[in-house]
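>>> Got a sequence here, can you build the structure:
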Amino acid sequence: MRILIISPFLFRYERGIERFSVSLANHLAQRGHSVNLVAWRSPHGQWPWGDLAGDVTLTTMYLPRYFQRLWAGISYARLLRRKKPDRVLVNFLWHGEDAALRRGRSYVGKTVLVLNSPYWQVPSRYDHVRQSGLLEMGLHVVAVSAFVADGITEALGRHATVIPNGVDVEHFVPAARKDVIRKRLGLPGDQVVLISVAALEERKGIAESLRALAEAIRKVPKLLYLIVGDGPEEDNLRELAIELGVESNVRFLGDVGDPAPWLRASDVFVALAKGEALPLAPLEAMATGLPLVVATERPFDEICHPKGAVFVNRGNARRVGEVLVALARDLARGEEMGRTNREWVVSRFSWDRIATLYDDLFSTM
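Numbers count the residues shown, from 1 in each chain. The predicted structure follows:
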């Protein structure tokens, strides 16, 4: 089957959407499909994704600075006529994809739109999908979680197929020697290491994690909290750490590229975000064999095993602190939770399984 995956920002961002597109392309190719990735290319853009699988080709489009969506729609339409794919997958409709599909109406019923954000977070994008008229023409919609699917039903009045994002369970693996990894990363060997991997935005819950840390270090002073990621809230979070008196227990690592070594060096993963569609970082932490402390927010109930995670009210710093203390004092319990998480992710979120689900969907379209 010839599959076209349009992911315009592969040369610009290294977000979950772009990682999803490349990983899915590689695993579909491994299943015998011919996959063409399509991306916009800037004059100074660098390819950050490494080698592609043998049957994955990359088509880059150079667009003028102005009216990019218009030119993208024209270019996509030409590409559809030239490549004649059997199936098309898009992550957006508002970067020219909708115009291309209206020009090539025969491809609408062969196209899957993957929605990676909940309705309440980006209502204008859902409005764009509805106003495009493509749903009535047979466009298929995939939601990355039941949480997102519920928003699709509410906003668009349509059923969506739920297929979660995947995780590379061969790259994100438990540490064989955590002490060796910590030494290499310059981390102390005698501290209990907590970690969050997230964009530093208000809804990601890093401020709530810092407040919980302030509660926890009263009973377990040797806690170290690693914050992996950058974003607009970084300065405010640094100031909050100083205000709470925990700055010596916190390291802001910024964007480290590959978080796998830092996850392997850690003992507990903390995710107190709200409004997530289906976050990749907790999946990667579970694949690495870490226990999770997560907010009682959707979609964590979908992705976390009840024996591998502790659910907490993100606004209750004292209670979250108590949970961190309990895990810090019983690392054996955390290791057992981590083993449960590893098995859970391998069985439900490996890329082999996710590619199979997309393969099954494509075969029924």
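
>>> need the helices for the stretch 1-150 of the chain, in chain order.
With DSSP state H, counting those that start in this stretch as the criterion, the stretch 1-150 of the chain has helices at 16-30, 68-83, 97-103, 123-132, 146-156.

>>> need those in TSV with mean neighbour count, distance to Ile6 and mean pLDDT, can you?
For glycine as for every other residue, the C-beta is placed from the backbone atoms N, C-alpha and C. Putting these into TSV (neighbours: other CB atoms under 10 Å; distance: least, CB to CB, whole Å; pLDDT from 0 to 100) gives the following:
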stretch	mean neighbour count	distance to Ile6	mean pLDDT
helix 16-30	21	8	93
helix 68-83	17	7	93
helix 97-103	21	6	95
helix 123-132	15	15	95
helix 146-156	19	20	96
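
>>> among these, which is nearest Ala176?
Counting by CB to CB, Ala176 lies closest to helix 16-30 out of these; the figure is 24.4 Å.

>>> hang on, the earlier thing: just send the helices of the stretch 1-150 of the chain back as CSV, with distance to Ala285 too.
CSV is the format used below for the helices of the stretch 1-150 of the chain (distance: least, CB to CB, whole Å):
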stretch, distance to Ala285
helix 16-30, 14
helix 68-83, 36
helix 97-103, 33
helix 123-132, 28
helix 146-156, 19
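
>>> Quick one: closest of those helices to Ser266.
Closest to Ser266 of the helices of the stretch 1-150 of the chain, according to CB to CB: helix 16-30, at 20.1 Å.

>>> what distance separates that closest one from the centre of its chain?
From the chain centre to the centre of helix 16-30 is a distance of 12 Å (CA atoms, centre = their mean, to the nearest Å).

>>> Name the surrounding residues that touch that helix.
3, 5, 7, 9-10, 35, 37, 49, 52-56, 89, 91, 114, 116, 165-166, 168, 279-280, 351-352, 354-355, 358-359 (CB atoms under 8 Å, 6 or more residues apart in numbering).

>>> now do stretch 254-268
So stretch 254-268 is in contact with 14, 171-175, 178, 181-182, 184-185, 187, 192-195, 197, 226, 228-230, 253, 269, 281, 284-285, 288, 290-293, 324, 327-328, 331, 334, going by CB under 8 Å, 6+ apart.

>>> How far away from the center of its chain is that stretch?
Chain-centre distance of stretch 254-268: 15 Å, with CA atoms, centre = their mean.

>>> now stretch 337-354
On CA atoms, centre = their mean, the centre of stretch 337-354 falls 15 Å from the chain's centre.

>>> which residues touch it?
23-24, 26-27, 163-169, 174, 283, 285-292, 303-305, 307-309.

>>> can you pull the buried residues of that stretch?
337-338, 340-342, 344-346, 348-351, 353-354 (16 or more other CB atoms under 10 Å).

>>> again with stretch 49-67
49, 52, 55-56, 58, 61, 63.

>>> Please produce TSV containing the residues you listed, extended by pLDDT and distance to Asp235.
As requested, these are exported to TSV (pLDDT from 0 to 100; distance: CB to CB, whole Å):
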residue	pLDDT	distance to Asp235
Trp49	87	30
Leu52	93	38
Asp55	92	46
Val56	96	40
Leu58	95	37
Met61	90	37
Leu63	83	34
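
>>> Filter those residues down to the ones in strands?
If you go by DSSP state E, the buried residues of stretch 49-67 have 56, 58, 61 in strands.
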